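*Asks:* Curious how this folds, go ahead:
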Amino acid sequence: MSAWIEAIYVASTAGAPMMSVATAVLVAGSGIHGDRNYRDTLLPHDEQITLIAAEEIERFNRETGLDIGPGDSRRNVVTRGLDLGVLVGRQFRVGDTTLMGVELCEPCATLGKRLATSTVSAAAVVATFAHRAGLRARINVSGRIVPGDRITL
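*Replies:* Model prediction:
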């Protein structure tokens, strides 16, 4: 298996645009430093970090005719080379950090509304991303990640 990080995104506040970053500091139990969900106190496991496969964004674009970018999914880490669904319930390494796959990150109505157009409804956005919109993970071991870092089981 050859899987890696293609891009990393954070948003400073809820609803703010996702910004691409060259490096991210992951803090066990707290999230990504500088991201809207980061807290100095222990965060629920499903709010620490999200990942999405670049292949799923590309599939979404083919099936809908849209041209969303990798940050438009509002996930923190864009990966390539791995079906993220296999990581649910498993610990895995990303660069020098260790994460635990918690659950699939299903698309919500808010994402549907954000990506909907006059030709693709919010419901169609959600349906097209259902079961393929990424992974929620817990940060078990703190560290830095950068695009190009390998993902290993």
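
*Asks:* list the buried ones in stretch 100-112?
*Replies:* 100-102, 104-105, 107, 111-112 (16 or more other CB atoms under 10 Å). All C-beta atoms are positioned from the backbone trio N, CA, C, and that covers glycine.

*Asks:* Could you pick out which of the residues you listed are located in helices?
*Replies:* Counting by DSSP state H, these place 111-112 in helices.

*Asks:* Tell me the one of the buried residues of stretch 100-112 nearest residue 5?
*Replies:* For the buried residues of stretch 100-112, the closest approach to residue 5 (CB to CB) belongs to residue 101, at 15.2 Å.

*Asks:* residues near the closest residue to residue 70 other than its chain neighbours, how many?
*Replies:* Excluding the flanking residues, the one nearest residue 70 by CB to CB, 6 or more residues apart in numbering is residue 78, at 4.4 Å. A total of 24 residues lie near residue 78 under the criterion other CB atoms under 10 Å.

*Asks:* List just the nearest of the buried residues of stretch 100-112 to residue 68.
*Replies:* The shortest approach to residue 68 among the buried residues of stretch 100-112 belongs to residue 111, at 10.2 Å (CB to CB).

*Asks:* Tell me which stretches of this protein form strands.
*Replies:* 3-10, 19-20, 24-27, 31-32, 49-53, 77-80, 91-94, 97-104, 135-141, 143-145, 150-152 (DSSP state E).

*Asks:* what's the spacing between the residue nearest to the spatial centre of the chain and residue 84?
*Replies:* Centroid-nearest residue in the chain, with CA atoms, centre = their mean: residue 51, separated by 2.5 Å. According to CB to CB, to the nearest Å, residue 51 stands 6 Å off from residue 84.

*Asks:* which residues sit in contact with the nearest residue to residue 40 once chain neighbours are set aside?
*Replies:* Nearest non-adjacent residue to residue 40, counting by CB to CB, 6+ apart: residue 30, 6.3 Å away. If you count contacts by CB atoms under 8 Å, 6 or more residues apart in numbering, residue 30 has them with 38-43, 48, 139.

*Asks:* okay, the closest residue to residue 34 other than its chain neighbours: pLDDT?
*Replies:* In space, and not counting its chain neighbours, residue 34 is closest to residue 10: 5.3 Å by CB to CB, 6+ apart. Residue 10 is assigned 98 on the pLDDT scale.
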